[in-house]
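*Asks:* test case, fold it:
(2 chains)
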There are 2 protein chains.
Amino acid sequence: MFDNINIVLVNTSHPGNIGSTARAMGVMGFQNLSLVNPSDYPSEVATALAVGCTSILDEAKVFAKYTDAIEKNSVNIGFSARKRKESIPVMMINECTDYILSNTDLSFNVIFGNEKSGLSNQELLLCNYIVSIPTGDIYSSLNLSSAVQIFTYELFKNWLMNSSRKPNHKKIIDLASTGDKMHFYASLTELLESTNFINKKNHKSITKKLHILFNKAELENHELSILNGILTSIRKKINT
Amino acid sequence: MFDNINIVLVNTSHPGNIGSTARAMGVMGFQNLSLVNPSDYPSEVATALAVGCTSILDEAKVFAKYTDAIEKNSVNIGFSARKRKESIPVMMINECTDYILSNTDLSFNVIFGNEKSGLSNQELLLCNYIVSIPTGDIYSSLNLSSAVQIFTYELFKNWLMNSSRKPNHKKIIDLASTGDKMHFYASLTELLESTNFINKKNHKSITKKLHILFNKAELENHELSILNGILTSIRKKINT
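*Replies:* Numbers count the residues shown, from 1 in each chain, chains lettered A, B, ... in the order given. Below is the predicted model of the structure:
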């Protein structure tokens, strides 16, 4: 259950939140945890707060780079409190759980940022969707492991509710992996630098817009092959 | 908001859970907290974990006796992991939030027991309803403040959905017109014919796939400008 879901904590400051996250996952049937650049880990505090879910910590993967942590799975869902984020599609949490539960053939990274600063714009740029958890107006800073708890609870609850219903035959979508997409972005950027469409001045804004544009397309593997083939044909033509 | 709801923690062992509960309440717009016979309170640990919600701790009422803590409000809802509890009516958490939200004239105690042992049979006996939060089979022990967080989140989320408040930050999407998109497809096809990526044989299937790919992206006008700019830069490079 939920084997296709990887919870990713990025730049976590407090080891207690890592332990509490493991418990918040385990109690709702989640197992896969990735940690990007945690400040203090492994830690006795994390182990203590994981209580009966220390196996999740034992099997957690630790990465120095964000991109390495997310490259295997195809859909990246970033949790962010900030309301407006360029034009990366925003999902309500109910839409998010529906989407995950009706696409069991896809693999997901569900990504949570640092306690204070959340996910950076750069980190959000690799996300296909952003999800915000609704909070009150007066104080809106949700604890990190509470955010994970709300997500795992919502998904588990909806899975329970759905499991009594008939499975619907969904189209099988063969989404491209994050790693393969990043390779395409790199090739595209290189080509557009050679045509002077991308220069030092506009580099950041153009690559950002291209990321968003292709993320929205939810590229499948055969589509990524076409795009890579297009780049190859153009490079050849330029070099003749 | 939620002034008619009193969160009651009974025999709490760890002061950290009291602080985390305050934060879990504050972030969802709850204010009223009662503590029955806490082991270690007031406590610096509780204050630290309440973060921006220390006012909830400042105003929390501390009682030696359970009955004193719950006497003012009329409906007692006890959270309990154990499934069967004498013949006290059991509500699903959705039924619980519906009930509270459709009875704003009633006052509620929402009661959570000790971390290890939960609410005793004696304590449950004063409850009008028992609510269980669904958990997985392998490990089912939810952290105390996580349980409070799930309750406050569910109630707040359902209150938001019920209230007539419309989202005030609807994203304005400036979608490209079909005509402009067809112009782009024609330019792209022309370029790809010149690079031999598209030939007579694959013309139909490739153009179809490209249409689908870019349709999925729901191109906005500024994105179409970028794509057209890319084509122009490549054509120039090829012709130099």
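*Asks:* what's the offset of the longest helix along chain A from the middle of its chain?
*Replies:* If each helix of chain A is counted by residues according to DSSP state H, the longest one is helix A:144-163. Chain-centre distance of helix A:144-163: 16 Å, with Cα atoms, centre = their mean, to the nearest Å.
*Asks:* what packs against whichever helix or strand comes after that helix?
*Replies:* Remark: after helix A:144-163, the chain's next helix or strand is helix A:178-194, criterion DSSP states H and E. Judged by 3 or more Cβ pairs under 8 Å, 6 or more residues apart in numbering or on different chains; DSSP states H and E, helix A:178-194 is in contact with helix A:66-70, helix A:203-216, helix A:221-238, helix B:221-239. Just so you know, the C-beta spots here come from the backbone N, C-alpha and C atoms, and that holds for glycine as well.
*Asks:* how far away is residue A:126 from chain B?
*Replies:* Distance, residue A:126 to chain B, by Cβ to the nearest Cβ, to the nearest Å: 16 Å.
*Asks:* confidence score at residue A:163?
*Replies:* In this model, residue A:163 is scored at 75, pLDDT.
*Asks:* swap that for residue A:96, sorry
*Replies:* Predicted confidence (pLDDT) for residue A:96: 95.
*Asks:* thought it was touching residue A:77?
*Replies:* Yes. With contacts defined as Cβ atoms under 8 Å, residue A:96 counts as touching residue A:77 at a distance of 6.3 Å.
*Asks:* re the thing from before, send me the longest helix of chain A as PDB with only the CA atoms.
*Replies:* Output of helix A:144-163 as PDB, limited to C-alpha atoms (Å, rounded to 0.1, in the frame of the first residue of the first chain):
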ATOM      1  CA  LEU A 144       6.100  20.300   9.400                       C
ATOM      2  CA  SER A 145       5.200  16.800  10.700                       C
ATOM      3  CA  SER A 146       1.600  18.000  11.200                       C
ATOM      4  CA  ALA A 147       1.400  18.900   7.500                       C
ATOM      5  CA  VAL A 148       2.700  15.400   6.700                       C
ATOM      6  CA  GLN A 149       0.200  13.900   9.100                       C
ATOM      7  CA  ILE A 150      -2.700  15.700   7.400                       C
ATOM      8  CA  PHE A 151      -1.600  14.500   4.000                       C
ATOM      9  CA  THR A 152      -1.100  10.900   5.000                       C
ATOM     10  CA  TYR A 153      -4.400  10.900   7.000                       C
ATOM     11  CA  GLU A 154      -6.300  12.400   4.000                       C
ATOM     12  CA  LEU A 155      -4.900   9.900   1.600                       C
ATOM     13  CA  PHE A 156      -5.500   6.900   3.900                       C
ATOM     14  CA  LYS A 157      -9.000   8.000   4.800                       C
ATOM     15  CA  ASN A 158      -9.900   8.500   1.100                       C
ATOM     16  CA  TRP A 159      -8.300   5.200   0.200                       C
ATOM     17  CA  LEU A 160     -10.400   3.500   2.900                       C
ATOM     18  CA  MET A 161     -13.600   5.100   1.500                       C
ATOM     19  CA  ASN A 162     -12.700   4.300  -2.100                       C
ATOM     20  CA  SER A 163     -11.700   0.700  -1.400                       C
END
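*Asks:* for the residue nearest the centre of chain A, what is the enclosing helix or strand?
*Replies:* When Cα atoms, centre = their mean is applied to chain A, the residue found nearest the centroid is residue A:76 (2.8 Å). Here residue A:76, judged by DSSP H and E, is contained in strand A:75-79.
*Asks:* give the contact list for residue A:35.
*Replies:* Taking Cβ atoms under 8 Å, 6 or more residues apart in numbering or on different chains as the criterion, residue A:35 is in contact with A:8-9, A:12, A:18, A:41, A:60-63, A:69.
*Asks:* ugh, wrong one, I meant residue A:53
*Replies:* So residue A:53 contacts A:22-23, A:25-27, B:139 (Cβ under 8 Å, 6+ apart).
*Asks:* of those residues, which belong to helices?
*Replies:* Using DSSP H, those in helices are A:22-23, A:25-26.
*Asks:* quick one: which of those is most hemmed in?
*Replies:* Among the ones in helices among the contacts of residue A:53, residue A:22 has the most neighbours (other Cβ atoms under 10 Å in any protein chain shown), with 30 neighbours.
*Asks:* ok, and the closest non-adjacent residue to residue A:26?
*Replies:* residue A:53 (3.2 Å; Cβ to Cβ, 6 or more residues apart in numbering or on different chains).
*Asks:* quick one on the thing from earlier: got the contact list for whichever helix or strand comes after the strand holding residue A:76?
*Replies:* Sequence-wise, the next helix or strand downstream of strand A:75-79 (DSSP H and E) is strand A:90-91. Residues outside strand A:90-91 that contact it (Cβ under 8 Å, 6+ apart): A:77, A:99, A:129-132, B:171.
*Asks:* how about 6 Å then?
*Replies:* A:129-131 (Cβ atoms under 6 Å, 6 or more residues apart in numbering or on different chains).
*Asks:* would you mind writing the CA trace of the next helix or strand along the chain from it as CSV?
*Replies:* Later in the chain than strand A:90-91, the nearest helix or strand by DSSP H and E is helix A:93-101. C-alpha atoms of helix A:93-101 as CSV (Å, rounded to 0.1, in the frame of the first residue of the first chain):
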residue,chain,number,x,y,z
ILE,A,93,-5.8,18.7,-1.0
ASN,A,94,-9.0,16.7,-2.0
GLU,A,95,-8.0,17.0,-5.7
CYS,A,96,-4.5,15.8,-4.8
THR,A,97,-5.7,12.7,-3.0
ASP,A,98,-8.2,11.9,-5.8
TYR,A,99,-5.4,12.3,-8.3
ILE,A,100,-3.1,10.0,-6.5
LEU,A,101,-5.7,7.4,-5.7
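*Asks:* now do helix A:93-101 against strand A:75-79, angle only.
*Replies:* Angle of helix A:93-101 versus strand A:75-79, following axes from the mean of the first three to the mean of the last three Cα atoms, to 10 degrees, is 160 degrees.
*Asks:* circling back to that earlier point, most neighbours, which of the contacts of strand A:90-91?
*Replies:* residue A:130 (24 neighbours).
*Asks:* chain B versus that residue, what's the distance?
*Replies:* 11 Å.
*Asks:* just residue A:74 next, same as before
*Replies:* For residue A:74, the distance to chain B - Cβ to the nearest Cβ - is 14 Å.
*Asks:* and what of residue A:32?
*Replies:* The value you get for residue A:32 to chain B, if Cβ to the nearest Cβ is used, is 14 Å.
*Asks:* residues near that residue, how many?
*Replies:* Residue A:32, neighbours per other Cβ under 10 Å, totals 21.
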